[in-house]
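1. with the sequence up front, the predicted model follows.
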Amino acid sequence: MPKNPYAGHFSDIEIQDALDVPKLYGVKLHNDDYTPMDFVVRLLVTVFRKSEVDAAVLMLAVHEKGESLVGVYSYDIAATKVMQAQRMADAAGFPLRITMGEVAS
Ligand code: TYC
């Protein structure tokens with residue numbers, strides 16, 4: 001956010017609310033040596049609603065580069081998808097790591 005011209009009158013949070021600028025959060029998938037490729041593709045299709053082809057391309061990007069952004073969402077949607085994906089990986093016993101962080105909106 002640029003310097004608050006209303007400093008002293010309104011807080012940054014009040015300005016943010018007044019301007020109605022929703023924050024956006026990117027969800028990142030991280031590579032590891034153990035999670036099977038087909039499991040990652042299934043997770044991307046199931047949790048992140050990717051097509052089979054997009055999911056396979058994304059999985060390979062993560063496999064080759066170490067990590068990749070898989071989607072940008074509001075806080076609640078991003079947090080829910082991270083939780084669902086982490087649960088799915090944990091339940092299957094794979095060390096897959098999924099993280100989220102604020103992105104410029
Ligand atoms: N590197 C894994 C393998 O060779 C595949 C993989 C891709 C794992 C993406 C995690 O986020 C990931 N089986």
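-> Looks like it came in fine.
2. hey, let's count contacts and neighbours off CA atoms from now on
-> Will do.
3. gap between the most centrally placed residue in the chain and Gln86?
-> Central residue of the chain (C-alpha atoms, centre = their mean): Val27, 1.0 Å from the mean position. Val27 sits at a distance of 12 Å from Gln86 (criterion: C-alpha to C-alpha, to the nearest Å).
4. overlap in contacts, those two.
-> By C-alpha atoms under 8 Å, 6 or more residues apart in numbering, Val27 and Gln86 have these common neighbours: Ile98.
5. so what touches the top helix by length along the chain?
-> Identified as the longest helix of the chain according to DSSP state H is helix 75-92. The contact list for helix 75-92 (C-alpha under 8 Å, 6+ apart) reads 23-27, 43, 47-48, 72, 95-100.
6. among those, which ones lie close to the ligand?
-> Taking C-alpha under 6 Å from any ligand atom as the test, the ligand is in contact with Leu96 out of those.
7. for the contacts of helix 75-92, which one is nearest the ligand?
-> Leu96 (5.7 Å; C-alpha to the nearest ligand atom).
8. residue contacts, that closest one?
-> Leu29, His30, Asn31, Asp32, Thr35, Gln86, Ala89, Asp90.
9. again with Ser105
-> Ser105 neighbours (C-alpha under 8 Å, 6+ apart): Val21, Pro22, Lys23, Leu24.
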